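> Sequence first, then the predicted structure:
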2 protein chains.
Amino acid sequence: MLKKKITLKQIARELEVSISTVSKALKNSEEISRDTKEKIQAFAKLYNYKPNNIAISLKNKRTKNIGVVIPDIVHHFFTTVVRGIENFANKQGYNVIVCLSDESFDKEVINMEMLANGSIDGFIMSLSAGTEKKSDFNHLLEVTEQGIPLVLFDRVTDEVACDKVVIDDVLGAYQATVKLINEGRKRIALLTTEDFFSVSRNRNRGYEKALKDFGIRHDENLVLKLPFMDIDEVRISQFLNAIEPDAILSVNEIFGVYGMRVVQRKGLKVPDDISIIGFTDGLLAKHANPSITSVAQHGQLMGETAAKMLIERVENEMEEAPFRTKILEPTLIERDSTIN
Amino acid sequence: MLKKKITLKQIARELEVSISTVSKALKNSEEISRDTKEKIQAFAKLYNYKPNNIAISLKNKRTKNIGVVIPDIVHHFFTTVVRGIENFANKQGYNVIVCLSDESFDKEVINMEMLANGSIDGFIMSLSAGTEKKSDFNHLLEVTEQGIPLVLFDRVTDEVACDKVVIDDVLGAYQATVKLINEGRKRIALLTTEDFFSVSRNRNRGYEKALKDFGIRHDENLVLKLPFMDIDEVRISQFLNAIEPDAILSVNEIFGVYGMRVVQRKGLKVPDDISIIGFTDGLLAKHANPSITSVAQHGQLMGETAAKMLIERVENEMEEAPFRTKILEPTLIERDSTIN
DNA sequence: TATTAACACGAAACCGTTTTCGTAATTTCA
DNA sequence: TGAAATTACGAAAACGGTTTCGTGTTAATA
């Protein structure tokens, strides 16, 4: 007892009217008489008629789909962003197609090409590590040249003219570093990633700026640049043992957790002997023991903001509004890994 | 300098041939002469012609989109499932539309209706808490009656005839409980949720079965049923203080983490004084101190399996194969919260 | 040389809508 | 009563493809 969806054509045939009449009747057009409208509407309701989205998309050249391309989904920050996007987009009647680049340039390109041929009205994305490393943005340029709106978030680039939404990473790192300095910390270690990440670069800058502003010499030896993927706890351990810091600032959540574990294993008390602040306010920071003071990036807000910017572009295609970059303020969530 | 996508019609006009000829030439049809094909293909390449997905979807009545409806995305287990789905689906040329029901029955219904009008070829979903509580599955039945393939995973129901993929929750809880019994634990507390969750019910059964098999009396007082959402640490604390267990089995990750924190605060040593096992092998369990022994649910595999089942259905629409339920084996990941 | 086959292409239907425009039939007005 | 205006609907194009079938031209065959 398969009940396939009914079409305008079938309704028209059953009721012996034309397709146009059915279409108009269902839109309650003034053109159609009361009687005919009622008959058609009743019939349509009975058979649970719903217009076919694909046909409408073809007609309108609007899919009401947003393409979201992110490096990874098993990642707290990105999931909060996706939730924000979903949240806003759904309210506006848009669906979200999620693609994972898996931090790979090639996959990012393939994903975008798959979607760019009519499947979506616009992109929201965060650059993969591979793309940032390669510094090749032609796939983004192609998309924007075709007139497909694009909003970049978090991991962005200056080389593509489009809307962007980021948090003020410099400020976030600055505030975190100042917090540590105000506790009296002098040897603040920085756990960061290789340079090609825009966010890491900015966080490094905020760290350096704070040191400078407070007259603390910037010692390169206190900075450890780790490869992004698989974390090497041994290197963190050797590094921290060698430099003996009195505070640690980590540009992400996981380095902070590992750092804390290393110093705790050495017998140091957090935050009495050493303070720790991380970036990304995820579950780990919240549930660590002690819980870790973190710079919150407001992923959900970022997602909502990005979705809002994108949908505005999509729906005002005519107007050539200038591109904007929304800068969100980070928040330092004070927990038990720093002195209150 | 907007370079809008070129269409067959435009190519045909430029080259003064018919649309059919262009279409065939681009598919390398034998019908078209060498010369014409080369000319058309060269032109198409030059202008970077790519067929419009929407038009093809309309023609084929296939969108190459999969709809995934899950309760939440900021949740480790579901993200691993989504990754698995994405992974498999992408290889087969499918895109994934993710919708969040936010544990709400109404949102689940709305999401499905949005997608069921042609936007997708099939659904993969896990029931929202609201739906399980309400026990109303009409929206699922409507979809299957329309002939849209549906695969349910993890949170499933017997009331809908469709493909399913679950882990053997009874077995997982059984093995975990046995592990605790073998350590010599007698008073094994169970931290679980309200009864309407199918997975919790099954895990409770596995726990009870293990007790019975090993001749341990099942004491209802050792079981705490917590509301699903916002966790009440106070209740957990009162409960554990009252019953003084020598082991805790939690049906999820977070209850386990809270439970561990409570007993640690009381001065108990994990695992010397008390053992802890949780479900869902996420970041918290892995990075807790001590790390928590957990029943892994293999979310990614579950996602891949679901995607495989769905795509098989979609692509063999003619055959009325009987519905299958794939039962995945859980794995007990032994860590430091139990005695090795 | 007449017939047939092969070749190379175009016309048109189709997928399911929306929308413009044309036109019978009825009503209104002078 | 005849002309104009209104009513109520249908035909057809359009969105961007695919595919079947028909056909004019050339080449092969008898």
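Okay, I see it.
> quick one: the closest residue to DNA strand D within the stretch 151-300 of chain A and residue B:48, what's the gap?
Using CB to the nearest atom of the strand, the closest approach of the stretch 151-300 of chain A to DNA strand D is made by residue A:162 at 23.1 Å. The C-beta positions use only the backbone N, C-alpha and C, and glycine is treated the same way. Counting by CB to CB, to the nearest Å, the gap from residue A:162 to residue B:48 is 20 Å.
> Compare those two (neighbour count), which wins?
Comparing residue A:162 with residue B:48 by other CB atoms under 10 Å in any protein chain shown, the one with more neighbours is residue A:162, at 24 against 11.
> what number of residues lie near the closest residue to the more buried one other than its chain neighbours?
Nearest residue to residue A:162, sequence neighbours excluded (CB to CB, 6 or more residues apart in numbering or on different chains): residue A:150, at 4.3 Å. Burial of residue A:150 is recorded as 23 neighbouring residues (other CB under 10 Å).
> likewise the one 4 residues further on?
For residue A:154, the count of nearby residues is 25 (other CB under 10 Å).
> Ok, residue A:306 next?
For residue A:306, the neighbour count with other CB under 10 Å is 29.
> Residue A:2 now?
Using other CB under 10 Å, residue A:2 has 7 neighbouring residues.
> Then residue A:271?
Around residue A:271 there are 23 other residues, counting by other CB under 10 Å.
> Can you pull the residues of chain A lying near DNA strand D?
A:16-21, A:31-36, A:55, A:58-59, A:61 (CB under 7 Å from any atom of the strand).
> Of those, which is the nearest to chain B?
Ranked by distance to chain B (CB to the nearest CB), the residues of chain A next to DNA strand D are led by residue A:58 at 4.9 Å.
> list the contacts for residue A:24?
Contact analysis of residue A:24 by CB atoms under 8 Å, 6 or more residues apart in numbering or on different chains lists A:31, A:32.
> one step back: could you give the backbone dihedrals for the residue of the stretch 151-300 of chain A closest to DNA strand D?
For residue A:162, the backbone dihedrals (degrees, to the nearest 10) come out as phi -170, psi 180.
> quick one, what contacts residue A:66?
Counting by CB under 8 Å, 6+ apart, residue A:66 makes contact with A:85, A:89, A:94-97, A:120-124, A:307, A:310-311.
> Figure out how far stretch A:279-293 is from the centre of its chain.
Counting by CA atoms, centre = their mean, to the nearest Å, stretch A:279-293 is centred 20 Å from the centre of its parent chain.
> CA atoms only for that stretch - export them in CSV, please.
What follows is stretch A:279-293, C-alpha atoms only, in CSV (Å, rounded to 0.1, in the frame of the first residue of the first chain):
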residue,chain,number,x,y,z
PHE,A,279,41.2,28.1,24.4
THR,A,280,37.8,26.6,23.3
ASP,A,281,35.4,26.2,26.1
GLY,A,282,34.5,22.5,25.7
LEU,A,283,33.6,19.6,27.8
LEU,A,284,37.2,18.7,28.6
ALA,A,285,37.9,22.1,30.2
LYS,A,286,34.7,22.0,32.1
HIS,A,287,35.0,18.6,33.5
ALA,A,288,38.8,18.5,34.0
ASN,A,289,40.1,18.3,37.6
PRO,A,290,40.5,21.1,38.4
SER,A,291,38.3,22.6,35.7
ILE,A,292,40.3,24.7,33.3
THR,A,293,39.9,28.4,32.8
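> Distance check, the residue nearest to residue A:162 against residue A:138.
On the measure of CB to CB, residue A:150 and residue A:138 end up 13 Å apart.
> Then residue A:92?
Going from residue A:92 to residue A:138 by CB to CB gives 30 Å.
> So the two - more neighbours on which side?
Remark: of residue A:92 and residue A:138, residue A:92 carries more neighbours, 14 against 10, as counted by other CB under 10 Å.
> just to revisit the earlier point, who's the residue nearest to residue A:162 bridged to?
Applying DSSP bridges to residue A:150 gives these bridge partners: residue A:123.
> secondary structure class for residue A:113?
Of the three states, residue A:113 takes helix according to DSSP: H, G, I helix; E, B strand; the rest coil.
> what about it, neighbour count?
13.
> Now residue A:210: phi and psi?
Phi and psi for residue A:210, reported as degrees, to the nearest 10, are phi -60, psi -40.
> should've said residue A:99
According to degrees, to the nearest 10, residue A:99 has phi -120, psi 140.
> give the contact list for it.
Counting by CB under 8 Å, 6+ apart, residue A:99 makes contact with A:67, A:68, A:69, A:70, A:111, A:112, A:114, A:115, B:86, B:90, B:95, B:96.
> For the closest residue to the third one other than its chain neighbours, the count of nearby residues, please.
In space, residue A:69 comes closest to residue A:125 once its chain neighbours are excluded; the distance is 4.0 Å by CB to CB, 6+ apart. Here the count is done by other CB under 10 Å, and residue A:125 has 27 residues near it.
> and residue A:125, what pLDDT?
The model reports residue A:125 with a pLDDT of 98.
> ok so, going back, looking at it, the residue of the stretch 151-300 of chain A closest to DNA strand D is touching residue A:323, isn't it?
Yes: Residue A:162 lies in contact with residue A:323 (CB atoms under 8 Å); the separation is 5.7 Å.
> wait, isn't the residue nearest to residue A:162 in contact with residue A:141?
No: if you go by CB under 8 Å, residue A:150 and residue A:141 don't touch, sitting 9.7 Å apart.
> what residues do the two have in common as contacts?
Taking CB under 8 Å, 6+ apart as the criterion, residue A:150 and residue A:141 both touch residue A:160.
> so where's chain A uncertain?
Across chain A, residues meeting the criterion (pLDDT under 70) sit at A:317-318.
> Quick check, central residue of it?
With the centre of chain A defined as its mean C-alpha position, the nearest residue by CA atoms, centre = their mean is residue A:81, 4.3 Å away.
> Perfect, that will be all.
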